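Trainee: Okay, sequence plus prediction incoming.
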Amino acid sequence: MKALVLEKQHDLKIRDIDLPLVLGPDDVRIRIHTVGVCGSDVHYYTHGRIGHFIVDQPMVLGHEAAGTVIEVGSNVTHLAKGDRVCMEPGIPNPRSKASRLGLYNVDPSVVFWATPPVHGCLTPEVVHPAAFAYKLPDHVSFAEGALVEPFAIGMQAAVKARIKPGDVAVVIGAGTIGMMTALAALAGGASQVLVSDLMVEKLAIAQRYEGITAVNVREQSLQDKVAEATGGWGADVVFEASGSARAYGDALAAVCPGGALVLVGMPVEPVLFDVVAAQAKEIRIETVFRYANVYERAVNLIASGKVDLKPLISATFPFERGVEAFERAASAQPGDVKVQITFGDA
Ligand code: ZN
């Protein structure tokens with residue numbers, strides 16, 4: 001089977017590799033159509049590691065995928081051959097305590113595509129548990145299907161925020177995850193989302209969405225803009241989606257008394273955090289790690305037209321040019337949100 005293989009840091013190639021493709025009774029075999037390139041895939045390529053996850057043997061990249069079911073296991077009843085699906089890339093142990101509590105995203109034994117040593121899905125065919133494959137309506141494209149994974153993180157953030165209808169939200173960082181969070185917050189009932197960033201190209205994409213106000217923090221203070229939008233009270237929910245250590249001061253200043261601060265971005269190093277500033281407003285702090293139980297609702301929102309992810313697709317490369325797709329993503333062009341790789345008209 002051909003696959004896009006990360007041999008080691010900075011060494012990526014398309015080559016044949018042996019992958020386990022045995023179909024169990026609860027599995028489906030899927031012909032992959034589209035795979036999004038994620039920041040984590042790029043980070044493994046450029047750094048060879050993320051925290052304690054180290055690429056020390058060849059690994060197939062990719063975890064944001066959509067495709068077509070081509071075979072179903074004997075126990076599978078909710079999917080059939082020919083169904084178009086997107087896949088949740090993390091498979092927990094269904095018997096674990098975390099799974100039983102509904103927190104399967106934090107199951108320590110979760111097996112997640114393209115997280116060492118687990119192979120990802122940048123290969124023409126995968127076998128996946130049917131319980132983690134979700135049918136796409138006919139009018140939802142494979143490209144949108146492959147965006148469900150990053151959108152699911154925004155969904156998880158919006159769920160953890162417990163957004164109420166009419167809330168004013170702030171998203172710090174207009175990267176892919178910031179955009180996904182802003183769109184999920186709007187879909188969850190936020191009346192307005194202020195999205196802040198330093199890059200005009202990213203802010204221009206954010207500003208195209210109704211309900212989003214782009215704030216260029218090179219030119220304006222986020223705190224002033226939030227005060228303007230809320231009569232000086234502060235935002236009901238602040239999502240930190242930049243991963244920048246400097247964002248935490250802004251986040252604490254922007255959130256209203258009794259509001260929620262949702263930590264989505266992942267700083268590379270530990271950050272300084274003003275505990276007393278948080279206490280003085282008695283804010284609620286939530287954290288987000290991947291997602292659990294949001295995929296179906298994410299697909300529903302896309303299918304309904306309430307969430308339009310299509311403007312976030314910046315470039316699409318054929319699988320044969322997959323390495324080029326990674327180079328494009330690694331170059332971090334400020335106007336790029338999502339680069340995708342396609343296996344063609346499957
Ligand atoms: Zn991802």
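Mentor: Yep, that arrived. Numbers count the residues shown, from 1 in each chain.
Trainee: List the buried residues in stretch 268-281.
Mentor: For stretch 268-281, burial by neighbour count (16 or more other C-beta atoms under 10 Å) applies to 278, 281. For every residue, glycine as well, the C-beta is placed using N, CA and C.
Trainee: do stretch 107-118 as well
Mentor: Buried residues in stretch 107-118 (16+ other C-beta under 10 Å): 107, 110, 112-116, 118.
Trainee: Could you do stretch 201-217 as well?
Mentor: For stretch 201-217, a neighbour-count test (16+ other C-beta under 10 Å) marks 202-203, 205-207, 209, 212-217 as buried.
Trainee: in stretch 58-73, what counts as buried?
Mentor: Across stretch 58-73, burial judged by 16+ other C-beta under 10 Å covers 58-69, 72-73.
Trainee: Tell me which of the buried residues of stretch 107-118 fall in helices.
Mentor: Per DSSP state H, helices hold no members of the buried residues of stretch 107-118.
Trainee: pLDDT and distance to Val193 added to those, as JSON lines?
Mentor: JSON lines is the format used below for these (pLDDT from 0 to 100; distance: C-beta to C-beta, whole Å):
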{"residue": "Asp107", "pLDDT": "97", "distance to Val193": "31"}
{"residue": "Val110", "pLDDT": "95", "distance to Val193": "30"}
{"residue": "Phe112", "pLDDT": "95", "distance to Val193": "29"}
{"residue": "Trp113", "pLDDT": "96", "distance to Val193": "30"}
{"residue": "Ala114", "pLDDT": "95", "distance to Val193": "30"}
{"residue": "Thr115", "pLDDT": "94", "distance to Val193": "30"}
{"residue": "Pro116", "pLDDT": "94", "distance to Val193": "35"}
{"residue": "Val118", "pLDDT": "95", "distance to Val193": "34"}
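Trainee: who's in contact with Ser99?
Mentor: Contact analysis of Ser99 by C-beta atoms under 8 Å, 6 or more residues apart in numbering lists 92-93, 107.
Trainee: quick check, distance from stretch 245-256 to the centre of its chain.
Mentor: Its chain's average C-alpha position is 22 Å from that of stretch 245-256, according to C-alpha atoms, centre = their mean, to the nearest Å.
Trainee: got the buried residues for it?
Mentor: Per 16+ other C-beta under 10 Å, stretch 245-256 contains these buried residues: 247-248, 250-256.
Trainee: Just the ones in strands from the residues you listed, please.
Mentor: 255-256 (DSSP state E).
Trainee: Name the nearest of the buried residues of stretch 245-256 relative to Ala229.
Mentor: Using C-beta to C-beta, Ala254 comes nearest to Ala229 of the buried residues of stretch 245-256, at 10.0 Å.
Trainee: re earlier: out of the contacts of Ser99, flag the one nearest to Phe319.
Mentor: Pro92 (28.9 Å).
Trainee: For that closest one, give me its contacts.
Mentor: Contacts for Pro92 (C-beta under 8 Å, 6+ apart) come out as 98-99, 104-105, 107, 109-111.
Trainee: Likewise for Gly82?
Mentor: Listed by C-beta under 8 Å, 6+ apart, the contact set of Gly82 reads 68-69.
Trainee: now it, what's its secondary structure?
Mentor: Here Gly82 is recorded as coil under DSSP: H, G, I helix; E, B strand; the rest coil.
Trainee: State the helix or strand in which the nearest residue to Leu301 once chain neighbours are set aside lies.
Mentor: Take Leu301 and drop its neighbours on the chain: the residue closest to it by C-beta to C-beta, 6 or more residues apart in numbering is Val307, 4.3 Å away. Using DSSP states H and E, Val307 sits in no helix or strand.
Trainee: I'd say Val307 and Ala185 touch.
Mentor: No - the pair Val307 / Ala185 is not scored as a contact, 10.8 Å apart, by C-beta atoms under 8 Å.
Trainee: What ranges does the stretch 151-300 of the chain have for its helices?
Mentor: For the stretch 151-300 of the chain, applying DSSP state H, counting those that start in this stretch gives helices covering 176-187, 200-207, 222-230, 247-254, 275-280, 295-304.
Trainee: Next, format the buried residues of stretch 201-217 as TSV and append pLDDT and distance to Leu21.
Mentor: Formatted as TSV, these follow (pLDDT from 0 to 100; distance: C-beta to C-beta, whole Å):
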residue	pLDDT	distance to Leu21
Lys202	96	39
Leu203	97	44
Ile205	97	38
Ala206	97	41
Gln207	97	45
Tyr209	98	40
Ile212	98	42
Thr213	98	48
Ala214	98	45
Val215	98	48
Asn216	98	48
Val217	97	48
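Trainee: can I get the residues you listed in CSV with distance to Pro311?
Mentor: Formatted as CSV, the buried residues of stretch 201-217 follow (distance: C-beta to C-beta, whole Å):
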residue, distance to Pro311
Lys202, 12
Leu203, 14
Ile205, 7
Ala206, 10
Gln207, 11
Tyr209, 8
Ile212, 12
Thr213, 17
Ala214, 14
Val215, 19
Asn216, 19
Val217, 22
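Trainee: ok, so of the residues you listed, who is nearest Ala80?
Mentor: The closest of the buried residues of stretch 201-217 to Ala80 turns out to be Tyr209 (C-beta to C-beta; 35.6 Å).
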